[in-house]
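Visitor: what's the 3D shape of this:
(4 chains)
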Number of protein chains: 2
Amino acid sequence: MYSKELLKGTLRTIILNLLSGNGKMYGYEITQKVKELSDGKIQLTEGALYPTLHKLEAEGFLTTETMNIGKRVRKYYTLTETGSEKSASKIREFSDFVATMQTVLGGLKTSEGK
Amino acid sequence: MYSKELLKGTLRTIILNLLSGNGKMYGYEITQKVKELSDGKIQLTEGALYPTLHKLEAEGFLTTETMNIGKRVRKYYTLTETGSEKSASKIREFSDFVATMQTVLGGLKTSEGK
DNA sequence: TGCATTACCTAAGTAATTTATGTATATTTG
DNA sequence: CAAATATACATAAATTACTTAGGTAATGCA
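Guide: As a prediction, this is how the structure comes out:
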């Protein structure tokens, strides 16, 4: 686990990108997927995830469908068109940020071009 | 400029690493160096920088020397031994974080090993 | 001489998170 | 079969790293 501050600002990027790659997903599924992909290194907390999903929906980046699984409710999220665009721009932003940081930190790993 | 949230949690890493590479530096110098290295993309605010420097000093990672330039005061910061270790571990942490993010985001650029 | 730059600093406000808590169903295990 | 764990949603208070705003003062320049 990292000093979690690094994660700040990446939650939206992660959510949007996962939905972009996997189609519709529900909240709990997202937490599990991230945990799996990150080898347990990133564990989204529900207190952060759900409010963020709600915000993304309110902002028009996601739409929801509610599904009944037995007696339980499951809420699937899907990217809207603007959501897809947002996902792409978020990835670009993150990518650009990392590149800048590498320059500032004196080129740690990757792209030692020049 | 990025959505500045990404910068959160990187300030200490940046400061420690810059001092590690450049020897003693003073606050204002750090802001200028970061601006230069990042091509203006990262502009440290003084409201964030100075308190952080003070904290790093209080935690034993930095020591200070005050210098008089004419009638103005300049405060130079130098890494302590634990500060150097901290710098290295911060870099490792950031590096590891980026690698993890790349996996989660589906390998954007770099290290497409496999 | 007045505006930008250098150089330090602190305090109030903001926003993304964590921690804590709540509810309820489903599944595994001893 | 009861109890613990996992699934699945949610909100609210507390934390915290930051931004914004404010302050002081010397120096350089047009």
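Visitor: how about residue A:65, secondary structure?
Guide: Put simply, residue A:65 is strand when judged by DSSP: H, G, I helix; E, B strand; the rest coil.
Visitor: quick one: list the elements packing against the helix or strand encompassing residue A:93.
Guide: Assignment of secondary structure by DSSP states H and E places residue A:93 within helix A:81-104. Here helix A:81-104 is seen to pack against helix A:11-22, helix B:11-22, helix B:27-37, helix B:81-104 when contacts are counted using 3 or more C-beta pairs under 8 Å, 6 or more residues apart in numbering or on different chains; DSSP states H and E. Where C-beta positions appear, they are placed from N, C-alpha and C, glycine not excepted.
Visitor: pull out the buried positions in it.
Guide: A:83, A:86-87, A:90-91, A:93-95, A:97-104 (16 or more other C-beta atoms under 10 Å in any protein chain shown).
Visitor: what about it, near DNA strand C?
Guide: No - on the criterion C-beta under 7 Å from any atom of the strand, helix A:81-104 is out of touch with DNA strand C, staying 11.8 Å away.
Visitor: so that helix, near DNA strand D or not?
Guide: No - using C-beta under 7 Å from any atom of the strand as the criterion, no contacts between helix A:81-104 and DNA strand D are found, and the smallest distance is 12.2 Å.
Visitor: alpha carbons only: can I get that helix in CSV?
Guide: C-alpha atoms of helix A:81-104 as CSV (Å, rounded to 0.1, in the frame of the first residue of the first chain):
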residue,chain,number,x,y,z
GLU,A,81,-20.9,9.4,-24.8
THR,A,82,-19.4,12.4,-22.9
GLY,A,83,-18.3,9.8,-20.3
SER,A,84,-16.2,8.1,-23.0
GLU,A,85,-14.7,11.3,-24.0
LYS,A,86,-14.0,12.2,-20.3
SER,A,87,-12.4,8.8,-19.9
ALA,A,88,-10.0,9.4,-22.7
SER,A,89,-9.1,12.9,-21.6
LYS,A,90,-8.5,11.7,-18.0
ILE,A,91,-6.2,9.0,-19.3
ARG,A,92,-4.3,11.6,-21.4
GLU,A,93,-4.1,13.9,-18.4
PHE,A,94,-2.7,11.2,-16.2
SER,A,95,-0.3,10.1,-18.8
ASP,A,96,0.9,13.6,-19.3
PHE,A,97,1.2,14.1,-15.6
VAL,A,98,3.4,11.1,-15.2
ALA,A,99,5.7,12.2,-18.0
THR,A,100,6.1,15.6,-16.4
MET,A,101,6.8,14.1,-13.0
GLN,A,102,9.4,11.9,-14.6
THR,A,103,11.2,14.9,-15.9
VAL,A,104,11.0,16.7,-12.7
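Visitor: circling back to that earlier point, wait, which of the helices and strands packed on helix A:81-104 is closest to residue A:56?
Guide: Counting by C-beta to C-beta, residue A:56 lies closest to helix A:11-22 out of the helices and strands packed on helix A:81-104; the figure is 6.7 Å.
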